[in-house]
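S.K.: the sequence and its predicted three-dimensional model are supplied below.
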Amino acid sequence: MSKRWYVKEVPASEPVGPFSIAELRAQVQVGRWRDALVAVAGGTEWRPLLAELAVQDPVGVAPTAAHSALAPPPGAAAGLPRTPRPASVPPAPAGQAVSAPRARLSNAGLIFVSAAGLAVIAVLVFAAVFMARRAGGTRDFSQSVVRVVMQTASGTGFFVAGPDDLAYVATAYHVVASGEPILIEQTLVGAGGRRYPQAYPDAEVVAFDADADVAIIRLNGVTRDHFRPLPLAGAATADEPVLSYGFPGSNLAHKFGMVSKPGKVLSLVRFPVVDRRSGEVLRSDAIAGLLVSVDIEPGFSGGPTCNDRGEVVGVNVTKDLAHRGQNGAVEVSVLRDLLGRVKRADAPRDPSADDVKQLLTRVEREYLLLPIDRRRTAREDDFVSMGDLPRVGELITTIRRLENDTTRKADTKLSGAAGLGLVLARLPGRPLETYSDRSTRKAMADCEVRERGLREFFGPLAGSRGAGGPPASAAEDARAKCSELAFRPVVWDLSALALQWDGQPRDITVSKVEVVDPELHVYRAAVQFSRIDHLVDVWLAGDGGRLRLKLFDAEGTASGLSAARDVPGSAFAGTWHRSDPRIGHNLSRDVESDMETDETLAVAMSGDGLASITHQFRRRIYLTGKGRLACAGPASVLSLGLEQSFAGSLESGTITAARSKDARALATRDMKECGEALGYAPDLVVVLKIVGDRLLVYRTGGADYPEVAEFTRQL
């Protein structure tokens, strides 16, 4: 039979071909192109492939294995007996007339009549099957595969059997890891083939495996008899044909709904564990997976990859950007193990005091004790409530907006950046210690420089607005991308704030655990930490099947802000000191030098909490090369310094003080000439706070975000 037919998988795709009827039939029999359209060479009419096969080769089209697993056999669907095709009589070629006998029908004539009858039956059956598929009447996965919708992203999921009668959906963890509210959408088909969504908003993640990138969602109050959970295969085998299902994120997909893509299992592999934020490989050969020859696209994440019996062999998680038509799915055994950890909805889940103590001990020892350089890559998944993560993002957006505001306000003489830093300085502990660290700030600054260059280069191509600038959306996207580098530092800092962390492991006693919100599984525990003389309210949540730390209380305020902080004035009174040893620090390209710094802070407290502060800053500069400073004259050593005074008061454990008089020079040199060499501008406002045995001083000249200096008591 000649190769005359071209195939399109969806109406907007490019046609492929030409193929013969035999080749098309072979593809259908292995589970491919069942929803495709075909047209004859030179023609303009595109028809459903199954319907075309039923016309061109009615007897030669057998139901595929996938059809057998998902729907009744065509004969049964039509209420007709299944008659095997006569092996000895081929179908008549298309367009060829067949002579009828003049008298009695011969055996050949009887066979021909039977074949013709079968042809008519096959046409009717396959037309019925095709129309039933479009109307959702057969098991075409529309009862099993759903869209998982978040505020900022979407993916795919599929119904699986859980531990009780409620509906459970499996998906990829990275689809739901943002912690945003989840909406499950099922596409239903009504009269005339019209598609419409059915939404289920009361959904929660009840288990997840961040390493394997798999999660289980429960639809609260919805029983599974509304849906068709997909069966799980025993195991996948290499070279077996598969179909991957998903809801691509393109406009075309929104129009046509769920899409299936054929392929086969290329190999059984072991995937590495990859940090979804940094892209760092944490462990190699850790997760059982499949490489499949399915060209999935964004939106397929979390969808099922099924064998020709309609059984799930994998969960779509990875798109291979290096190899076309090769992608990854987590092997079904991983999903089966995760389902085994899901508890019934009616199972007791309120935590005990011991549960809280175990969690807080793990948070301190495995998370809070990390050095700064590891906090930026420490995964929050094991410790922090998913529901708090969107609020962290909002907080970062606010912080970054204010800290970039260096315009002084007329009333306070402070910029948004300075005001933000001073407010944060009054928080307990070391507020935003990791976020404020130089390495974090440098990473974000480098990112902004890089993104700014890209925006300037591509701005005209993107349709710039105003005076040659890029579109506002491009700038917002760039800021969001760079703000991602602040996410984990801020999560760590908020965790430290929630537990009033002082940098050292502590004894933990949990005296009471109360239920605050039974529907959202939110709890508050009264906790006594050693070295803290009062109880600390610690907020917790049960999500993802485990107890986790909440970073915000029921009012949406950062947890730990309301803790009592009764620090007496005597703890501040006295003289404090800090110094930087002599190090190489060239003042310019032509002036080679070393410098050392020495600071003292004298604090006097009155009985009513008023504070008087005197700060002396001294810097010695050693000119080690041939270059010289104009203000130094012939001298090789330059001693500079200034003294400044502040007045303020003690409130909630911190002293906030403003400049009380102008700074004065502590050197014989003219500070107007040597001020640049000093490298220190007078401060406008300072905040003092005791942390452990150290005095932390947050200081700003009014325009910039405050820097922090750490002093020890001078004996």
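M.R.: Alright, I've got the coordinates.

S.K.: in this protein, which helix or strand is least confident?
M.R.: In the chain, no helix or strand scores lower on mean pLDDT, DSSP states H and E than helix 65-70, which sits at a mean of 31.

S.K.: show me which positions of stretch 189-206 end up buried.
M.R.: Burial within stretch 189-206, assessed by neighbour count using 16 or more other C-beta atoms under 10 Å, is assigned to 189, 200, 203, 204, 205, 206. Any C-beta I mention is one placed from the backbone N, CA and C, and that applies to glycine too.

S.K.: kindly report the same for stretch 379-399.
M.R.: 379-381, 383-390, 392-393, 395-396, 399.

S.K.: same question for stretch 600-615.
M.R.: Buried-residue list, stretch 600-615, by 16+ other C-beta under 10 Å: 600, 601, 603, 605, 611, 613, 615.

S.K.: narrow those residues to those in strands?
M.R.: 600, 601, 603, 605, 611, 613, 615 (DSSP state E).

S.K.: doesn't residue 605 make contact with the fifth one?
M.R.: Yes. Applying C-beta atoms under 8 Å, one finds residue 611 in contact with residue 605, separated by 5.7 Å.

S.K.: how about residue 333, phi and psi?
M.R.: phi -60, psi -30 (degrees, to the nearest 10).

S.K.: so who does residue 208 touch?
M.R.: By C-beta atoms under 8 Å, 6 or more residues apart in numbering, the contact set of residue 208 is 173, 176, 177, 214, 215, 216, 338, 381, 544, 545.

S.K.: quickly list what the fourth one is bridged to.
M.R.: Using DSSP bridges, the beta-bridge partners of residue 214 come out as residue 209.

S.K.: so what's it up against?
M.R.: Counting by C-beta under 8 Å, 6+ apart, the residues that residue 214 touches are 170, 171, 172, 173, 208, 315, 317, 330, 334, 335, 338.

S.K.: distance of the third one relative to residue 679?
M.R.: Residue 172 sits 51 Å away from residue 679, going by C-beta to C-beta, to the nearest Å.

S.K.: neighbour count: these two, which is higher?
M.R.: Using other C-beta atoms under 10 Å, the more surrounded residue of residue 172 and residue 679 is residue 172, with 26 against 14.

S.K.: pull up the distance across stretch 679-699, start to finish.
M.R.: By C-alpha to C-alpha, to the nearest Å, the extent of stretch 679-699 from end to end equals 15 Å.

S.K.: cool, and stretch 224-240?
M.R.: 30 Å.

S.K.: cool, and stretch 377-388?
M.R.: One end of stretch 377-388 sits 18 Å from the other (C-alpha to C-alpha).

S.K.: do the same with stretch 431-445
M.R.: Start-to-end span of stretch 431-445 (C-alpha to C-alpha) is 20 Å.

S.K.: residue 547 touches residue 356, doesn't it?
M.R.: Yes. Taking contacts as C-beta under 8 Å, residue 547 lies within contact range of residue 356: 7.2 Å.

S.K.: which neighbours do these two have in common?
M.R.: Counting by C-beta under 8 Å, 6+ apart, the residues touching both residue 547 and residue 356 are residue 540.

S.K.: state the mean pLDDT of stretch 707-715.
M.R.: Mean per-residue pLDDT for stretch 707-715: 92.

S.K.: other residues contacting that stretch?
M.R.: For stretch 707-715, using C-beta under 8 Å, 6+ apart, the contacting residues are 425, 430, 436, 574-578, 599-601, 693-700.

S.K.: now the buried members of those residues.
M.R.: Among the contacts of stretch 707-715, those classed as buried by 16+ other C-beta under 10 Å are 425, 430, 436, 576, 578, 599-601, 694-700.

S.K.: now, which of those residues lie within helices?
M.R.: Within these, residues falling in helices by DSSP state H are 425, 436.

S.K.: quick check, nearest of the buried ones among the contacts of stretch 707-715 to residue 533?
M.R.: Among the buried ones among the contacts of stretch 707-715, residue 694 lies closest to residue 533 (C-beta to C-beta), at 18.3 Å.
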